[in-house]
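> Structure here, sequence nowhere to be found:
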């Protein structure tokens, strides 16, 4: 990873109606990384992207892209930034290739048919280049949006919910394309509802809710810090209390003593090790079990916990 | 520094949209105006006394007014539609996130709208020659004047397109304000033919000065001094540029 490519400090946005969409966001994005911004609906993800890309006028704070203040050096910054918004928005009656050429020209790049062909081929759109956009499938239309955003070879690419509403196969296809962009050196910031997407793609993850960044860290570090293992031992006979030898384990008895539940670990494998130990030792203490279910917490669980915790803290 | 490639890309994109629907975009105004010329100019106009129109035939008299009618309605509606559509479809995001400012946007959207209306007006002027024997006394001034009017009203249309939040509002100004004012501004008659107080009332109609400005370039005489018509058009153009510059600076109806 390189140095900072985007530096956001104390960014605020209050809409005319009084809604505070961003409440002092600090965020640094490093060159070459894929950063996933997670948050529920209305968290401020799209507003944050809009503020960086020029769609939203911030009411406070500063944004520096490529070392320059975007409020002052907006032309230089925008030349290097690409945006794929959530909604499919283009002239539906126009041809694919003409729309992509239009985007390239609008960003001040000289005509380059070879580059346009390369972009269209990389997104499997070359065969559809002369088709009117309205004739394409939903997935193809979304690719046209990406092609338009890539036409001027941005160094920093924003993808706002890039796989919203696309089928599983296409989503995986998109992930491959995003990965190829990263390989080509493009820094990518994506917002998503699909935690699986962030888990699969991102180097770092940020969680935003109610206009505040709740957490930013490496994905693996988050999993290590906040990841949990949960194991359910279905006991052969109900147990009145946990044997004293197991007092050090984070276990509880539930369902009238018929279910022994382990909730622990830290995302480094400790949880799995302890569950294996329990599975081995319990029969030795006369605790038989007839079934075992284990589950590792996902980024989604962590995300939900963080958002709920944030809501509770705010309520307090 | 101005992003010329961006400005030209917008201009070409807007013109491409126009030529994609060229049949309807060109044929409809040309046919309508030709009907005016045939019905009023050739058929009814033949019965009218040329002395009332500075010696010119009635057909030749109404040609500048009809050209102005086309210029005003086409410039306004092309520009308003041109900027309203990306707002409506959401494609405006690209314009707002691109390295283009007010100068590139005006060049692209307003330039294309003005060019379209000039193309249509030129076709109408050529078509009119089939039915009416008109002369253009000051051709260079006529070209300069129609370019200025087309640019002014394309700017005006651009403002309407930014202001409008529905298709209905796009139509209100061209249909309910510009069209009646153009008809009442002397397209088909000289205000000298009106009795008082209507002769004085007519002079409060801004379009009256535009029509008479163009008529002066055609015939060398009109109901108002040419300087007033030029000055009025120029002032309107400057006002529209100032309003658009303010819109871009504040982001009114563009950025949230």
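Received the coordinates, thanks. None of the values given here were measured: they were computed from a predicted structure. Numbers count the residues shown, from 1 in each chain, chains lettered A, B, ... in the order given.

> List the contacts of whatever residue of the stretch 101-250 of chain B ends up closest to chain A.
For the stretch 101-250 of chain B, the residue closest to chain A is residue B:101, as judged by CB to the nearest CB, at 7.5 Å. In short, each C-beta sits where N, CA and C put it, glycine included. Contacts for residue B:101 (CB atoms under 8 Å, 6 or more residues apart in numbering or on different chains) come out as A:75, B:2, B:3, B:248.

> Tabulate those (JSON lines), appending secondary structure and distance to residue B:212.
As requested, those are exported to JSON lines (DSSP: H, G, I helix; E, B strand; the rest coil; distance: CB to CB, whole Å):
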{"residue": "A:75", "secondary structure": "helix", "distance to residue B:212": "43"}
{"residue": "B:2", "secondary structure": "coil", "distance to residue B:212": "36"}
{"residue": "B:3", "secondary structure": "coil", "distance to residue B:212": "39"}
{"residue": "B:248", "secondary structure": "helix", "distance to residue B:212": "33"}
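
> Show the buried residues in these.
The neighbour-count test (16 or more other CB atoms under 10 Å in any protein chain shown) applied to these identifies A:75, B:3, B:248 as buried.

> Which residues are in contact with the last one?
Contact partners of residue B:248, counting by CB under 8 Å, 6+ apart, are B:101, B:102, B:105, B:254.

> Near chain B, which residues of chain A are found?
Contact residues (CB under 8 Å from any CB of the partner chain) of chain A with chain B: A:15, A:50, A:53-57, A:74-76, A:78-79, A:81, A:83, A:85, A:87, A:89-94, A:98, A:101-110, A:148.

> how near is the residue in the stretch 1-150 of chain B that chain A sits nearest to to residue A:182?
Per CB to the nearest CB, residue B:9 is where the stretch 1-150 of chain B lies closest to chain A, at 2.8 Å. Using CB to CB, to the nearest Å, residue B:9 is found at 28 Å from residue A:182.

> Could you check which of these two has the larger neighbour count?
Remark: of residue B:9 and residue A:182, residue B:9 carries more neighbours, 25 against 17, as counted by other CB atoms under 10 Å in any protein chain shown.

> returning to that earlier point: so of the residues of chain A next to chain B, which ones are in strands?
A:81, A:83 (DSSP state E).

> From residue A:94, how far off is the residue in the stretch 51-200 of chain A that chain B sits nearest to?
Proximity of the stretch 51-200 of chain A to chain B (CB to the nearest CB) peaks at residue A:105, 2.8 Å away. Distance, residue A:105 to residue A:94, using CB to CB: 14 Å.

> my read is residue A:28 is in a strand, agree?
Yes: assigned with DSSP: H, G, I helix; E, B strand; the rest coil, residue A:28 falls within a strand.

> thinking it is in contact with residue A:4, fair?
Yes: assessed by CB atoms under 8 Å, residue A:28 is found in contact with residue A:4 at 4.9 Å.

> who touches stretch A:129-138?
A:88, A:90-97, A:99, A:120, A:128, A:141, A:144, A:165-166.

> Now rank these by neighbours and give me the top one.
Among the contacts of stretch A:129-138, the one with the most neighbours (other CB under 10 Å) is residue A:96, at 28 neighbours.

> Break down chain A into its helices, ranges please.
In chain A, the helices defined using DSSP state H lie at A:45-53, A:74-79, A:96-106, A:113-122, A:138-150, A:168-183, A:195-201, A:219-226, A:270-281, A:299-315.

> what does the stretch 151-256 of chain B give?
B:167-171, B:179-182, B:198-202, B:206-219, B:226-250 (DSSP state H, counting those that start in this stretch).

> Give me the buried stretch members for the longest one, please.
Right, helix B:226-250. For helix B:226-250, the neighbour count (16+ other CB under 10 Å) marks B:226, B:229-230, B:232-233, B:236-237, B:240-241, B:243-244, B:247-248 as buried.

> near chain A, which residues of the stretch 101-250 of chain B?
residue B:101.

> Swap in 10 Å and give it another go.
B:101, B:104, B:108, B:250 (CB under 10 Å from any CB of the partner chain).

> now, which of those lie within strands?
Going by DSSP E, the strands hold none of these.

> List the contacts of residue B:42.
Residues near residue B:42 by CB atoms under 10 Å, 6 or more residues apart in numbering or on different chains: B:57, B:58, B:59, B:130, B:131, B:132.
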